[in-house]
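Visitor: structural data only, the sequence is not supplied:
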């Protein structure tokens, strides 16, 4: 191995190692003391509940583990948004599992908690798979109620989704394993079936203190909304069980009896290993994200051996479009070619930039995949669309608009992997978060921003210099340099993959060698939901 590849390998492995260290801390939730308190109450903690419930705890796909990271520091933080979301098999069926973490502020809902719960429901709705709620929450975190109560994508949206899923026949099962108060009480009861644990589970619109303050009634929480009350008097819950494990066993029994849905019909054959070992992924991506590399090498570590059929290979070469297989599943791949290429007319084209011919090719390829019912995989390492007079005169805006239109109107499942840069309109054209990929994942090398830090800081520096000149300020260069460095530092921090993950712009930061596994799981769950619409680009036809 040459020195450059060794540096690449060390860089990405170090970044992944640092993320793993952070994740190990996050998995402790509110800390060892609070986890021990949960144990003394006779309960399992949130991660123990999930591990007991699923068929194979080694085959869990976690969504948003970094959500909320470095947020709400004034309140002591909110590790993993105070709620754990995974996709895993229960009794042989892929399910979404949502577990409140009572070790984090008693499972209270922060704004990012709501966003994460909505993402979990979105996954269940898009893929028509069951969703299980393991409820143990003190309700809305009151100091931040104005940020999560009344808006469209706030707390109430969760209950709207409960109702929508019920109308579509998407199974929802809830286990009340701790507190469930106020508006949050609607979530388990709007589910299809609700289980409550004796002694530790309780559900009510208002707790005993609020009842006393509101109507003067003296009542304890157990009589007000415990398992005996809701199983034998109110009829609010469907099953009463003795402890957490019994509740989880009941969920497994209920899921086991669910009938199978008709499938979407995505093609799958026998899996073949890639022609290049997945370990080589670590060598390919440069430590410096501005440096070129050959994307075909990357693709050959991900796709099944001898499965590539490239579409329009010699045309629009800064975008690679090809049919292939990943763990046996047929896919259409759109990837940014990161090395500099020479077009047939002799023009040199920069790697990672989308040119008009590439956008035109991708648009046609997306239409083909929709016609043939082939899921799309976007491998993003894009710095944006080509700019300048030649590109503008050639109609880059029109070509780019067609590609964006095709991505937006695509009806087959889309999966996005952010390998490196994800800048500007390139993020949109390559199926960024706004364009509804079924899953959007990132490698530790990913950066997401409207443009690169150097470009952004230089643009803002020019504006600052102009302002200083107009005001008659002296020492413009000194002030400008200081200003640029500050902007660059802040910009790079917010372009970092950790920031993107904390904001839930992506579903997960993954080890590159897990890319095949995630895509395969994604297509498997997407296959549970039939395609109901036809691909139509409206007035922007190909």
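Guide: Nice, I can see it. Bear in mind the structure is a predicted one, so any value in this text is a computation, not a measurement.
Visitor: quick one, strands of the stretch 1-150 of the chain?
Guide: With DSSP state E, counting those that start in this stretch, the ranges of strands along the stretch 1-150 of the chain come out as 61-63, 83-90, 93-100, 131-137.
Visitor: run through the neighbouring helices and strands of the third one.
Guide: Using 3 or more CB pairs under 8 Å, 6 or more residues apart in numbering; DSSP states H and E as the contact test, the elements touching strand 93-100 are helix 46-53, strand 83-90, helix 111-127, strand 131-137, helix 244-256, helix 515-526. Glycine gets a C-beta too; all of them are placed from N, C-alpha and C.
Visitor: please identify the deepest-packed of those.
Guide: Mean neighbour count (mean count of other CB atoms under 10 Å) peaks for strand 131-137 among the helices and strands packed on strand 93-100, with a mean of 28.
Visitor: dump the strands of the stretch 1-150 of the chain into TSV; add mean pLDDT and distance to residue 398 as well.
Guide: Converted to TSV, the strands of the stretch 1-150 of the chain look like this (pLDDT from 0 to 100; distance: least, CB to CB, whole Å):
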stretch	mean pLDDT	distance to residue 398
strand 61-63	98	37
strand 83-90	98	39
strand 93-100	98	40
strand 131-137	97	42
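Visitor: isn't residue 362 up against residue 332?
Guide: No: applying CB atoms under 8 Å as the test, residue 362 and residue 332 come out as separate, 10.0 Å apart.
Visitor: so residue 211, which of the three states?
Guide: helix (DSSP: H, G, I helix; E, B strand; the rest coil).
Visitor: could you report the neighbour count for it?
Guide: Using other CB atoms under 10 Å, residue 211 has 17 neighbouring residues.
Visitor: check contacts around it.
Guide: Each residue near residue 211 by CB atoms under 8 Å, 6 or more residues apart in numbering is listed here: 217, 219, 224.
Visitor: now list the buried members of those residues.
Guide: Among these, those buried by neighbour count (16 or more other CB atoms under 10 Å) are residue 224.
Visitor: tell me which helix or strand of the chain sits lowest on mean pLDDT?
Guide: helix 453-471 (a mean of 68; mean pLDDT, DSSP states H and E).
Visitor: what helices or strands is whichever helix or strand comes after that one leaning on?
Guide: Where DSSP states H and E defines the elements, the next helix or strand beyond helix 453-471 is helix 476-495. Counting contacts by 3+ CB pairs under 8 Å, 6+ apart, helix 476-495 is packed against strand 447-449, helix 453-471.
Visitor: mind running it again at 10 Å?
Guide: strand 414-423, strand 447-449, helix 453-471, helix 497-502 (3 or more CB pairs under 10 Å, 6 or more residues apart in numbering; DSSP states H and E).
Visitor: okay, now the sheet partners of the helix or strand that the last one is followed by, with direction.
Guide: Sequence-wise, the next helix or strand downstream of helix 497-502 (DSSP H and E) is strand 508-509. In the sheet containing strand 508-509, the strands it pairs with under DSSP bridges are strand 439-442 (parallel).
Visitor: is residue 380 in a helix, a strand, or coil?
Guide: Here residue 380 takes the strand state, with states given by three-state DSSP.
Visitor: any idea how far it is from residue 422?
Guide: From residue 380 across to residue 422, the span is 5 Å (CB to CB, to the nearest Å).
Visitor: list residues touching both of the two?
Guide: Common contact partners of residue 380 and residue 422 (CB atoms under 10 Å, 6 or more residues apart in numbering): 336, 416, 430, 432, 440, 442, 446, 448.
Visitor: and which of those residues is nearest residue 98?
Guide: Sorting those by distance to residue 98 puts residue 440 at the head of the list, at 18.9 Å, by CB to CB.
Visitor: who's in contact with the closest one?
Guide: 378, 380, 414-418, 422, 431-433, 500, 504-508.
Visitor: 6 Å instead?
Guide: By CB atoms under 6 Å, 6 or more residues apart in numbering, the contact list for residue 440 reads 416, 433, 506, 507.
Visitor: ok, these vs residue 247, which is closest?
Guide: Using CB to CB, these come closest to residue 247 at residue 507, 27.3 Å.
Visitor: next, give phi and psi for the closest one.
Guide: Main-chain torsions, residue 507, degrees, to the nearest 10: phi -80, psi -30.
Visitor: can I assume it is in contact with residue 62?
Guide: No: in this structure, residue 507 is not within contact of residue 62 by CB atoms under 6 Å, at 9.0 Å.
Visitor: so the two - more neighbours on which side?
Guide: When neighbours are counted by other CB under 10 Å, residue 507 and residue 62 differ, and residue 507 comes out ahead with 27 against 19.
Visitor: circling back: of the contacts of residue 211, closest to residue 154?
Guide: Once CB to CB is applied, the member of these that ends up nearest residue 154 is residue 224, at 27.0 Å.
Visitor: for residue 265, find the nearest of the strands of the stretch 1-150 of the chain.
Guide: Residue 265 lies closest, by CB to CB, to one member of these: strand 93-100, at 16.9 Å.
Visitor: give me the contacts around the closest one.
Guide: By CB under 6 Å, 6+ apart, strand 93-100 touches 46, 49-50, 83-87, 107, 120, 123-124, 129-137, 255, 525.
Visitor: next, the angle from the lengthiest helix in the chain to strand 83-90.
Guide: Using DSSP state H to define each element, the chain has its longest helix at helix 3-26. Angle, helix 3-26 to strand 83-90, by axes from the mean of the first three to the mean of the last three CA atoms, to 10 degrees: 100 degrees.
Visitor: so which residue is dead centre in this protein?
Guide: Residue closest to the mean C-alpha point of the chain, counted by CA atoms, centre = their mean, is residue 507 at 1.6 Å.
Visitor: please report how far it lies from residue 120.
Guide: 10 Å.
Visitor: point out where this protein drops to low pLDDT.
Guide: Confidence mapping of the chain against pLDDT under 70 gives the ranges 1, 453-454, 456-457, 459-461, 464-481, 540-542.
Visitor: residue 298: what's it in contact with?
Guide: residue 284.
Visitor: let's verify it: helix, strand, or coil?
Guide: helix.
Visitor: with the one 3 residues further on instead?
Guide: Going by three-state DSSP, the secondary structure assigned to residue 301 is helix.
Visitor: same check on the one 3 residues further on?
Guide: Taken by three-state DSSP, the conformation at residue 304 corresponds to coil.
Visitor: quick one, phi/psi of it?
Guide: According to degrees, to the nearest 10, residue 304 has phi -60, psi 150.
Visitor: contacting residues for it?
Guide: Contacts of residue 304 by CB under 6 Å, 6+ apart are 272, 325.
Visitor: ditto for the one 4 residues further on
Guide: Remark: with contacts taken as CB under 6 Å, 6+ apart, residue 308 is in contact with 322, 324.
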